[in-house]
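K.L.:
curious how this folds, go ahead:
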Amino acid sequence: MVAGELAAALGAEKLILLTDVAGILTDKDDPSTLVKEIDIPGVKRMVEEGKIAGGMIPKVNCCVRSLAQGVKTASIIDGRVQHSLLLEILTDEGAYTMISGLFMLSIFTL
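P.N.:
You can find the predicted model right below:
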């Protein structure tokens, strides 16, 4: 996705993908299984397990690529929910899935 590349090129701290899904779910048929925060190895593990599949793969790939290029966090949020962007930005916990690349910092600073 172009959004992730653009975020990285601009030196953005956060990428937000506004989609038609609640975020990453451990069970795609159960909205109560929303993953609030995950790192890149966790995303890769969920893809390998088949928990992330179909249309979610390009979304998470976009997030992972942007994180690998210096964006600090990437969030997948549900654009069908009124004020979802505000909920994500203005709350401490966020309301959807945030993917973090913080583990990469420790790898590169060793």
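K.L.:
contact partners of the helix ranked longest in the chain?
P.N.:
Ranked by residue count under DSSP state H, the longest helix found in the chain is helix 56-68. Helix 56-68 is contacted from outside by 1, 3-5, 7-8, 12, 15, 17, 19, 21, 24, 40, 43-44, 47, 52, 73-74, 76, 99-101, 104, using Cβ atoms under 8 Å, 6 or more residues apart in numbering. In this view, the C-beta of every residue, glycine as well, is placed from N, C-alpha and C.
K.L.:
of these, buried ones?
P.N.:
Buried by 16 or more other Cβ atoms under 10 Å: 3-4, 7-8, 12, 15, 17, 19, 21, 24, 40, 43, 47, 52, 73-74, 76, 99-101, out of these.
K.L.:
which residues in the protein form helices?
P.N.:
Under DSSP H, the chain gives helices at 2-9, 40-48, 56-68, 84-90, 102-108.
K.L.:
I'd like these as a markdown table, with distance to residue 34 and mean pLDDT appended.
P.N.:
Converted to a markdown table, the helices of the chain look like this (distance: least, Cβ to Cβ, whole Å; pLDDT from 0 to 100):
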| stretch | distance to residue 34 | mean pLDDT |
| --- | --- | --- |
| helix 2-9 | 21 | 91 |
| helix 40-48 | 13 | 94 |
| helix 56-68 | 13 | 95 |
| helix 84-90 | 13 | 87 |
| helix 102-108 | 20 | 46 |
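K.L.:
so of those helices, which one's packed in deepest?
P.N.:
helix 56-68 (a mean of 20; mean count of other Cβ atoms under 10 Å).
K.L.:
tell me the angle that one makes with helix 2-9.
P.N.:
Interaxial angle of helix 56-68 relative to helix 2-9 (axes from the mean of the first three to the mean of the last three Cα atoms, to 10 degrees): 10 degrees.
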